[in-house]
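**Q** attaching a predicted model along with its sequence, questions to come.
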Amino acid sequence: PGFPDINPVLFFDTQDRLWLVWYTVIAHQWDTSLLMYRISKNYLRPKGAPIWSWQNVILVKPGDSAERGIQPNDRFVKSVERQIKEYANYLENTIEDEEIRRQSLAKWHEWGKSMLSKAKGEDMIRKGLLYDDKGGYIEQDMGYPYFQRMGWQTKNKAVIIGKRLILPLYSDGFDFSLMAITDDDGETWQFSEPLVGPGNIQPSIAIKSDGTLVAYMRDNGPPPKRLHISTSKDNGMTWSPVRDSDIPNPGSGADIVTLKNGHWALAYNDTEDGRHSLAVSISSDEGKSWSWTRHLERGNKGEISASYPSIIEGHDGTIHVVYSFSFRDSKGETLKTIKHANFNEDWVKEGD
């Protein structure tokens, strides 16, 4: 009591146990978020909520050991540093207009400087030891990994690849994403390299027929406002450079599910500005094209808001979407609720 509990996600593990994962905001700042979870084996009761048999914290440790401070070759720091440089090269080589290119690079360098400072622990400088390659060390002030380990948040469900469960995470402090990975149903966890880009958060994962994972991420960065995208060919440990997709995104959450027939269903705000339109699109070619779209909500900007969708497929093939919805009534007051829609793929293909 007294602490905000945010963005709960539900999913089953390989033992058919029900997981509830969320984050508690310790000091009312996003970068003080702490990942929590509960597990239930008794959730198919005729009445009442699941009986939760276990509750604990997921401790996130994406970098190397740092008992005496973050070392210069820390793998998390090196990955962030490399991806900042790669994205700068991408901007340099793809933006034709000289002035826009200059402004974009200046903004990215400033953004990258902030991300790297946090990765190095420069927000928490304490006495430590700087080790050399021969095992020697010198005493000096060192950064400690508070930002590496705190502030990770949930938004979308986990996916399972064989015995591996992958839980998508993001950080509003870093403004990028990370994957929490367990091969033993949560007994132990490891963490992917970070997915670093301009405000790519709240990842959701689709699965190709060859096992490639595709992460779509909310765009909290500069124009063009598109869902960010990255792929993994090693079950989520490493990821391709984060890039813009062709799918519009106004800086809002989206969610994707891989259907049993191999098609992908994406629930998202299909605008670059505003959450007044919420759509479901179907891809039959693993994201190369989105041939069918139908809207769950569509209204005037400022009058309605439909956002933060979560999408799954039931055992019978029914697609379910839940999302936040608000609207103004006849008195001009804003009313809020959570909506649930269920339909099949053919309904989407019929269009609006």
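**A** Arrived safely.
**Q** how close does Leu91 sit to Leu34?
**A** 35 Å (CB to CB, to the nearest Å). The C-beta positions use only the backbone N, C-alpha and C, and glycine is treated the same way.
**Q** could you do Pro309 as well?
**A** Following CB to CB, the distance that separates Pro309 from Leu34 is 25 Å.
**Q** tell me which of those two has more neighbours.
**A** Applying other CB atoms under 10 Å to Pro309 and Leu34 shows that Pro309 carries more neighbours, namely 27 against 19.
**Q** which of the three states applies to that one?
**A** Three-state assignment for Pro309 (DSSP: H, G, I helix; E, B strand; the rest coil): strand.
**Q** wait, doesn't it sit right on Asp270?
**A** No. Pro309 sits out of contact with Asp270 when judged by CB atoms under 8 Å, with a separation of 11.4 Å.
**Q** common neighbours of those two, please.
**A** The contact sets of Pro309 and Asp270 overlap at Leu278 (CB atoms under 8 Å, 6 or more residues apart in numbering).
**Q** ok, now which ones touch Gly317?
**A** Gly317 sits in contact with Leu259, Lys260, Asn344, Glu345, where contact means CB under 8 Å, 6+ apart.
**Q** can you pull the contacts of the last one?
**A** Remark: with contacts taken as CB under 8 Å, 6+ apart, Glu345 is in contact with Leu259, Asn261, His263, Ala265, Ile282, Gly317, Ile319.
**Q** need the contact partners of stretch 319-329.
**A** With contacts defined as CB under 8 Å, 6+ apart, stretch 319-329 is touched by 257, 259, 265, 267, 278, 280, 296-297, 299, 303-314, 334-345, 348.
**Q** want to throw the contacts of Glu345 into a markdown table with secondary structure and distance to Trp52?
**A** What follows is the contacts of Glu345, written out as a markdown table (DSSP: H, G, I helix; E, B strand; the rest coil; distance: CB to CB, whole Å):
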| residue | secondary structure | distance to Trp52 |
| --- | --- | --- |
| Leu259 | coil | 30 |
| Asn261 | coil | 34 |
| His263 | coil | 34 |
| Ala265 | strand | 30 |
| Ile282 | strand | 35 |
| Gly317 | coil | 29 |
| Ile319 | strand | 27 |
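**Q** want to throw these into a markdown table with pLDDT and distance to Thr188?
**A** Below are the contacts of Glu345 laid out as a markdown table (pLDDT from 0 to 100; distance: CB to CB, whole Å):
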| residue | pLDDT | distance to Thr188 |
| --- | --- | --- |
| Leu259 | 98 | 31 |
| Asn261 | 98 | 34 |
| His263 | 98 | 34 |
| Ala265 | 98 | 32 |
| Ile282 | 98 | 37 |
| Gly317 | 96 | 35 |
| Ile319 | 98 | 34 |
